[in-house]
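Asker: With the sequence up front, the predicted model follows.
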Amino acid sequence: HTVPLDAWWSGGKAPMLVLQGLHDVIAPRENGRSLKRDYSERVTLVEFEDLGHSMTRERPDLLVAAIVSWTKKLK
């Protein structure tokens, strides 16, 4: 069963942090960039040049730093 894109794409009304590995062949870079274009006022996009889909295993330190930095900026 597939859920329609418009049912989840907006992510509700909360701020979103999108972590995108630019070498990700499963979730292409255009996904994060599309979210940023569609919801620019509440989407923070962080792109990682050398990471792929397994970025949590590849460089967890970079992801943690991005998440911590983003949460400190939330109001």
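Answerer: Received the coordinates, thanks.
Asker: Just give me the residue closest to the centre of this structure.
Answerer: residue 18 (1.5 Å; C-alpha atoms, centre = their mean).
Asker: On the three-state scheme, that residue is what?
Answerer: Secondary structure for residue 18, judged by DSSP: H, G, I helix; E, B strand; the rest coil, is strand.
Asker: Kindly report the same for residue 47.
Answerer: strand.
Asker: Repeat that for residue 44.
Answerer: Going by three-state DSSP: residue 44 is strand.
Asker: Could you report the distance from it to residue 62?
Answerer: To residue 62, residue 44 is 15 Å away according to C-beta to C-beta, to the nearest Å. Backbone N, C-alpha and C define where each C-beta goes, glycine included.
Asker: How many residues are close by residue 5?
Answerer: Neighbours of residue 5 under the rule other C-beta atoms under 10 Å: 8.
Asker: Oh, that last question was meant for residue 58, not what I typed.
Answerer: Counted with other C-beta under 10 Å, residue 58 comes out at 16.
Asker: One more: residue 63?
Answerer: With other C-beta under 10 Å as criterion, residue 63 counts 17.
Asker: contact partners of the helix or strand containing residue 35?
Answerer: Using DSSP states H and E, the element containing residue 35 is helix 29-38. Helix 29-38 is contacted from outside by 9, 10, 11, 16, 18, 19, 20, 22, 43, 45, 47, using C-beta atoms under 8 Å, 6 or more residues apart in numbering.
Asker: Could you pull out the buried residues of the helix ranked longest in the chain?
Answerer: Secondary structure of the chain per DSSP state H: the longest helix is helix 60-73. By 16 or more other C-beta atoms under 10 Å, the buried positions in helix 60-73 come out as 62, 63.
Asker: Below-threshold pLDDT in this structure: ranges please.
Answerer: Counting by pLDDT under 70, the chain contains no low-confidence segment.
Asker: which residues touch residue 6?
Answerer: Counting by C-beta under 8 Å, 6+ apart, there are no residues that residue 6 touches.
Asker: now the one 4 residues further on
Answerer: Shown in contact with residue 10 (C-beta under 8 Å, 6+ apart): 38, 39.
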